[in-house]
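>>> only the shape, not the letters, is given here:
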């Protein structure tokens with residue numbers, strides 16, 4: 001995790017600073033590897049795989065999130081970091097009026113295709129990072145949602161802006177990191193690059209940061225089996241090479257050996273088994 005907790009016994013931990021410092025380390029590592037500026041989420045292979053899994057994959061996580069939020073039909077919803085419409089499109093189909101914040105152009109294009117395929121109502125789109133969206137542009141909505149999209153700096157301002165944009169509730173979904181959740185990052189990154197992998201801070205830090213802001217949120221932690229599906233072994237390799245910033249033949253050999261040991265053919269492609277621990281953090285206004 002490349003995690004640094006500088007707090008000492010008897011000293012209150014500044015979780016907001018802890019989050020921002022961890023984000024800065026993670027961003028700096030990505031930029032050193034040429035992966036800054038959201039490059040990963042604008043990769044067309046990544047986008048295509050996300051959309052394919054949305055349409056043909058296991059929808060239990062999405063259905064569980066929507067059921068857990070209990071958003072009434074007719075509500076206005078702001079979905080921050082909406083990706084290809086993972087939650088936005090089903091919420092629109094359920095009768096909500098949805099505004100999305102999504103800076104990635106390929107993700108935005110995929111969202112448009114997805115909502116047309118399932119004949120969902122149109123979505124209002126803000127093509128920007130949440131950090132750059134003004135309160136006036138964001139507007140005020142019944143519910144604000146941010147699912148797996150909290151790779152943000154200046155978390156104080158980002159969270160307070162979410163709270164101000166919500167009339168009734170805010171729902172955040174974020175990871176509780178562990179080596180088994182990392183998709184090989186924690187295991188392979190040090191071998192490939194000679195340094196620890198710097199991921200983002202986890203949901204535990206996020207919840208404590210909210211407490212510092214006077215927001216005492218509910219939290220539900222879930223651990224579940226999470227299988228990553230790929231149409232072919234070549235697609236699987238490309239995804240790992242991309243995420244792990246692989247450029248040399250010797251690095252490819254290490255990653256290929258890891259995947260040959262972990263990946264399981266399932267008749268329609270390959271599956272990399274794993275477990276996911278995540279938290280649903282929410283508060284009502």
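Done, it's in. Because the structure is predicted, anything quoted here is derived from the model rather than measured.
>>> for the spatially closest residue to residue 176 that is not a sequence neighbour, give its distance to residue 19.
Using CB to CB, 6 or more residues apart in numbering and skipping residues adjacent in sequence, the residue nearest residue 176 is residue 277, 4.1 Å away. Bear in mind the C-beta positions are built from the backbone N, C-alpha and C, glycine included. Here the criterion is CB to CB, to the nearest Å. By it, residue 277 lies 18 Å from residue 19.
>>> still on that earlier bit, now name the helix or strand holding the residue nearest to residue 176.
Per DSSP states H and E: residue 277 is located in strand 275-284.
>>> looks to me like residue 144 is in a strand.
Yes: counting by DSSP: H, G, I helix; E, B strand; the rest coil, residue 144 is found in a strand.
>>> picking up where we left off before, could you say what helices and strands the strand holding residue 277 packs with?
Applying 3 or more CB pairs under 8 Å, 6 or more residues apart in numbering; DSSP states H and E, we find strand 275-284 packed against helix 60-69, strand 166-175, helix 203-212, strand 218-225.
>>> can you put these in CSV and add distance to residue 120 and mean pLDDT?
Converted to CSV, those look like this (distance: least, CB to CB, whole Å; pLDDT from 0 to 100):
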stretch, distance to residue 120, mean pLDDT
helix 60-69, 13, 91
strand 166-175, 20, 97
helix 203-212, 29, 97
strand 218-225, 26, 88
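>>> determine which stretch of those is the most buried.
Greatest average neighbour count among the helices and strands packed on strand 275-284 goes to strand 166-175 (a mean of 21), per mean count of other CB atoms under 10 Å.
>>> chain center to that strand, what's the gap?
14 Å (CA atoms, centre = their mean, to the nearest Å).
>>> now swap in stretch 275-282 and tell me
Distance, centroid of stretch 275-282 to centroid of chain: 11 Å (CA atoms, centre = their mean).
>>> same check on stretch 138-158?
12 Å.
>>> for it, buried residues please.
Across stretch 138-158, burial judged by 16 or more other CB atoms under 10 Å covers 138, 141-147, 149-153, 155, 158.
>>> now residue 45, what's its secondary structure?
helix.
>>> number of residues surrounding it?
Residues lying near residue 45 (other CB atoms under 10 Å) number 12.
>>> that one contacts residue 239, correct?
Yes: Residue 45 lies in contact with residue 239 (CB atoms under 8 Å); the separation is 7.0 Å.
>>> where does the chain have low pLDDT?
Confidence mapping of the chain against pLDDT under 70 gives the ranges 1-11, 35-42, 57, 178-183.
>>> going along the chain, name the helices of it.
In the chain, the helices defined using DSSP state H lie at 15-32, 44-56, 60-69, 88-93, 105-117, 135-138, 155-165, 185-193, 203-212, 233-243, 249-262.
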